[in-house]
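Trainee: Please work out how this folds:
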Amino acid sequence: MDSSEKDMATLSVIIVNYNTKNFLRQCLASLYRMEPSFDFETIVVDNHSHDGSIALVRKDFPRVHLIENIENVGFAKANNMGIALARGKYVLLLNSDTQVIGDALEKLISFLDTHLDVAVVTPRLVYPDLSDQGAARTFPTPVNVLFGRKSHLTRLFPNNRYSRKYLLSCVSTSHEPFEVDWVSGACLMVRKKVIEQVGPLDEMFFMYWEDVDLCFRIKQKGWKVYCVPGAVTIHYEGKSVTGKIRTRCIIEFNKGAYLYYRKHHINSYFEIMNFVALLGLSLRTLVLLGINAVKGEATFESHT
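Mentor: Got it, this is the predicted structure:
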């Protein structure tokens, strides 16, 4: 074993934070409550928060490697900054508004250790009431605009065949691991060597869709993506997103959807489907902005 292997941790946990001090405290506390059989490091990349997050990390979690950005560089770029410093065999992208339950990470690592053809794993992501969040899915298609994870049609008809086909973790009630196309970047564990093979997150995506894109590129290389439902993590999705941030989230989400579709499914700007996608997503953005303006301070949750 050479010196670089001796210095390598089993797991690098990367948390991007932007003004989520209270959630960040809870997230980090859940990590350090673990009694793992593996060694891990935690890297927090702060996107120029002004809510006391940096002081919190310095005071209460001195073991954390803290990166302080002088501006909000976005989710993908901030994660890549953490990945560049990561010493782990495995890398965990973890949202600041999550809480790792029990031995969830131990189970994910064990699965990767014993399934060498799998590159990415995720736990069952749940809401605080422990209901499934539908975070493990098939790759999105245009029909998911109507039957996405948070669409009105899915809420009205939760057992329709289109939503069930897309939202795999909601359909599967078994504790047995199952293969999926992509998983949410809220809690995504990936082999470091696979990131080195396919490249890091695409910084074209400021926030949203970078996880779908990463899994798509990984699957293209022949690797598998799995959900391990015996591992559980709570995700307080959208609870800290209000006001101007909510508006930007809606814009960035739909912009990301177009960029993803343009990158992987359209060969030329002049294809008719390029204009259809651009027009459709622009109209969708305007409708969602209008709905949220009427709702006032309602929280934002992505609609796929």
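
Trainee: Now the host helix or strand of residue 42: average pLDDT?
Mentor: Element membership for residue 42, per DSSP states H and E: strand 40-46. Strand 40-46 shows an average pLDDT of 97 in the prediction.

Trainee: for stretch 176-189, same thing?
Mentor: For stretch 176-189, the mean per-residue pLDDT is 94.

Trainee: Just the CA atoms of it, as PDB, please.
Mentor: These are the backbone C-alpha positions of stretch 176-189, laid out as PDB (Å, rounded to 0.1, in the frame of the first residue of the first chain):
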ATOM      1  CA  GLU A 176     -34.500  -5.100  -1.100                       C
ATOM      2  CA  PRO A 177     -32.200  -2.900  -3.200                       C
ATOM      3  CA  PHE A 178     -33.400  -2.200  -6.700                       C
ATOM      4  CA  GLU A 179     -31.900  -0.700  -9.800                       C
ATOM      5  CA  VAL A 180     -33.000   2.700 -11.000                       C
ATOM      6  CA  ASP A 181     -31.900   5.300 -13.700                       C
ATOM      7  CA  TRP A 182     -31.100   8.200 -11.400                       C
ATOM      8  CA  VAL A 183     -31.300   9.400  -7.900                       C
ATOM      9  CA  SER A 184     -31.500  12.700  -6.100                       C
ATOM     10  CA  GLY A 185     -28.400  14.600  -5.300                       C
ATOM     11  CA  ALA A 186     -29.900  15.300  -1.900                       C
ATOM     12  CA  CYS A 187     -28.100  12.100  -0.800                       C
ATOM     13  CA  LEU A 188     -26.100  10.500  -3.600                       C
ATOM     14  CA  MET A 189     -23.100   8.200  -2.900                       C
END
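
Trainee: hang on, the earlier thing: might you quantify the distance of the strand holding residue 42 from its chain's geometric centre?
Mentor: Between the centre of strand 40-46 and the centre of its chain there are 16 Å (Cα atoms, centre = their mean, to the nearest Å).

Trainee: what's next to that strand, contact-wise?
Mentor: 9-18, 24, 28, 31, 53-54, 57, 61, 63-69, 78-79, 81-82, 85-88, 105 (Cβ atoms under 8 Å, 6 or more residues apart in numbering). In short, each C-beta sits where N, CA and C put it, glycine included.
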